[in-house]
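Peer 1: Have a look at this fold, sequence not included:
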């Protein structure tokens, strides 16, 4: 009884099986400190899941709760092979002990750009761990596991003493005594016995009784299919085209797929079965594409004219990597960023749509470039540069000159550079609203910044993109009463 009491007390303690995070500073820069909990690392091949955090010097205001926070914790899964990251959970804290808000995130893998928060963490978690750190984490995990196992064993032992249920002999063990304990029986019926049952009785004076059908052991049926086993002692007269079903050992599958399962083999696209109307059916992660209330793109109209804070563009010439990913032409560049409302957003990538996804007062443009940025707290900000038919664009031409010959085969020209300042229009005035990604999984909470003045692109440059993608624009989504601001 004393052992049972001790085990119960140990099991109730929160630290018995889980160690508290031990934060280690991996980077310090003006205004923030980046820390990593090495005991949280979980490795699976080239993937590493880690818990990191940003500690800010000054408080920021949470846009959803209105409460201040200084610490942002994030659980992120990194792919060391492709240098991509997918944040799974985020926690906003006012201090070490006070949580402002938690959120589970169902986003997509995004490439990790050099110099960003994720880049600093990725470099740490993807390098081979030092022996002493690995041993420390291993011993901590082993100790916690052993303690938990000991607690469970003690509890089971005490409970077994109190009541020991009699062994029940199941029909399966009675009829299949040769099956070893713990073995998983096959779902296939005994074919030999079933075939013997179909033979005609012999002409002896006392014919042997027909063998009883051998029951098929139960097994979990795969999802999206109902398994029906037909087994008879004696086969009925042969029937054309149905003999296989009546012989007693064939498995008939009756499919009962759901809409998501029926579309599981289809990749998302802009037309056909993979078109926008079916995105939510292709993958459960895309359900927001159908149920979201702040989706993009929209028809930008009836905005209120105000004095908007100017966007601070920190763009500079850099090398680039260009890829035709099967949905658009996408470009990644070096360290570039924007700043707005006291927050810095690092440029992840930019890509093109034809025609423009967004409308302005009901009007579409020939093309649009979407520049996707990400802040330390995970929020995305997309700068949209509308492209109108006109003179040749030297920035665009540099990209087209280095267009990959095959899809999903990136090109990184060693001697070519681009400057995103040359893509931006002369006037930096803009529209802004809250929306979503315009591609699956259609995640919401995206800050949209749409340049009011379009840039020009030549008809020949539009025609080049059209040979790859005649239409890769998502249809306009309902505004749903959202506020649109327009710089005056």
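Peer 2: Thanks, I have it. Everything numeric in this text was worked out from a predicted model, so none of it was measured.
Peer 1: what residues go with each domain of the protein?
Peer 2: Residue ranges for the domains of the chain, per automatic domain parsing: 1-158, 222-234+246-291, 293-487.
Peer 1: now the first one: how far from the chain's centre is it?
Peer 2: Chain-centre distance of domain 1-158: 19 Å, with CA atoms, centre = their mean, to the nearest Å.
Peer 1: Save the domains of the chain as TSV, and put in mean pLDDT and mean neighbour count too.
Peer 2: Placement of C-beta: from N, CA and C, glycine included. Formatted as TSV, those follow (pLDDT from 0 to 100; neighbours: other CB atoms under 10 Å):
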stretch	mean pLDDT	mean neighbour count
domain 1-158	76	15
domain 222-234+246-291	66	15
domain 293-487	97	17
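Peer 1: pretty sure residue 433 contacts residue 485?
Peer 2: Yes: between residue 433 and residue 485 there is a contact under CB atoms under 8 Å: 7.2 Å.
Peer 1: Is residue 336 in contact with residue 318, as I believe?
Peer 2: Yes: with contact defined as CB under 8 Å, residue 336 counts as touching residue 318 (6.8 Å).
Peer 1: quick one: contacts for residue 471?
Peer 2: Residues near residue 471 by CB atoms under 8 Å, 6 or more residues apart in numbering: 270-271, 354-355.
Peer 1: Could you do residue 78 as well?
Peer 2: Applying CB under 8 Å, 6+ apart to residue 78 gives the contacts 47-50, 84-85, 112, 118, 121-122, 125-126.
Peer 1: Just the ones of these in helices?
Peer 2: Taking DSSP state H, the ones among the contacts of residue 78 that sit in helices are 118, 121-122, 125-126.
Peer 1: Just the closest of those residues to residue 381, please.
Peer 2: Distance ranking of those against residue 381, using CB to CB, places residue 118 first at 15.8 Å.
Peer 1: what do residue 433 and residue 485 both touch?
Peer 2: residue 303.
Peer 1: Name every strand pairing with the strand or helix carrying residue 92 and say which way it goes.
Peer 2: For residue 92, the host element (DSSP states H and E) is strand 84-93. According to DSSP bridges, strand 84-93 forms sheet pairs with strand 68-79 (antiparallel), strand 99-104 (antiparallel), strand 110-111 (antiparallel).
Peer 1: May I see those organised as JSON lines, with distance to residue 290 added?
Peer 2: Below are the strands paired with strand 84-93 laid out as JSON lines (distance: least, CB to CB, whole Å):
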{"stretch": "strand 68-79", "distance to residue 290": "26"}
{"stretch": "strand 99-104", "distance to residue 290": "19"}
{"stretch": "strand 110-111", "distance to residue 290": "23"}
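Peer 1: and residue 458, which of those strands is closest to it?
Peer 2: strand 110-111 (29.4 Å).
Peer 1: Other residues contacting the closest one?
Peer 2: For strand 110-111, the surrounding residues in contact (CB under 8 Å, 6+ apart) are 82-86, 332, 348-349, 374.
Peer 1: try it again with 10 Å
Peer 2: 79, 82-87, 118, 321, 330, 332, 348-349, 372, 374, 380 (CB atoms under 10 Å, 6 or more residues apart in numbering).
Peer 1: Could you identify the pair within these that is furthest apart?
Peer 2: Most distant of the contacts of strand 110-111, by CB to CB, are 87 and 321, 22.5 Å apart.
Peer 1: The longest strand belonging to the chain: partners in the sheet, and parallel or antiparallel?
Peer 2: Longest strand in the chain, counting residues (DSSP state E): strand 47-61. Here strand 47-61 has these sheet partners by DSSP bridges: strand 32-44 (antiparallel), strand 68-79 (antiparallel).
Peer 1: Now tabulate these in TSV and tack on distance to residue 386.
Peer 2: Shown next, in TSV, are the strands paired with strand 47-61 (distance: least, CB to CB, whole Å):
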stretch	distance to residue 386
strand 32-44	34
strand 68-79	33
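Peer 1: Would you tell me which of the ones you listed gets closest to residue 160?
Peer 2: Residue 160 lies closest to strand 32-44 among the strands paired with strand 47-61, at 33.9 Å (CB to CB).
Peer 1: The closest one versus helix 117-126: what angle between them?
Peer 2: Computed by axes from the mean of the first three to the mean of the last three CA atoms, to 10 degrees, the angle separating strand 32-44 from helix 117-126 equals 40 degrees.
Peer 1: where does residue 417 sit relative to residue 391, distance-wise?
Peer 2: 22 Å (CB to CB, to the nearest Å).
Peer 1: mind checking which helix or strand residue 462 is in?
Peer 2: Going by DSSP H and E, residue 462 is in helix 459-468.
Peer 1: Give me the next element, helix or strand, following that helix.
Peer 2: strand 485-487.
Peer 1: can you list contacts of that following strand?
Peer 2: 300-311, 360, 427-433, 450-452.
Peer 1: do that again at 7 Å, thanks
Peer 2: With contact meaning CB atoms under 7 Å, 6 or more residues apart in numbering, strand 485-487 is reached by 303-306, 308, 429-432, 452.
Peer 1: Give me the sheet partners of that strand and which way each runs.
Peer 2: Partners of strand 485-487 in its sheet, by DSSP bridges: strand 304-306 (parallel), strand 430-436 (antiparallel).
Peer 1: Now find how far off-centre the last one is within its chain.
Peer 2: Meaning strand 430-436. 24 Å.
Peer 1: Now residue 348, what are its backbone angles?
Peer 2: Recorded main-chain torsions at residue 348 are phi -90, psi -50, according to degrees, to the nearest 10.
Peer 1: OK, contacts around residue 88?
Peer 2: Residue 88 makes contacts with 75-77, 105, as judged by CB under 7 Å, 6+ apart.
Peer 1: so how far is residue 447 from it?
Peer 2: Taking CB to CB, one finds residue 88 at 22 Å from residue 447.
Peer 1: With residue 47 instead?
Peer 2: Residue 47 is 29 Å from residue 447, by CB to CB.
Peer 1: for residue 98, same thing?
Peer 2: 26 Å.
Peer 1: now swap in residue 473 and tell me
Peer 2: 20 Å.
Peer 1: again, but for residue 331
Peer 2: Residue 331 is 21 Å from residue 447, by CB to CB.
Peer 1: isn't residue 451 right up against residue 430?
Peer 2: Yes: the pair residue 451 / residue 430 is scored as a contact, 5.3 Å apart, by CB atoms under 7 Å.
Peer 1: hmm, back to that, which of the contacts of residue 78 lies at the shortest distance from residue 28?
Peer 2: Looking across the contacts of residue 78 and measuring by CB to CB, the closest to residue 28 is residue 121, at 13.9 Å.
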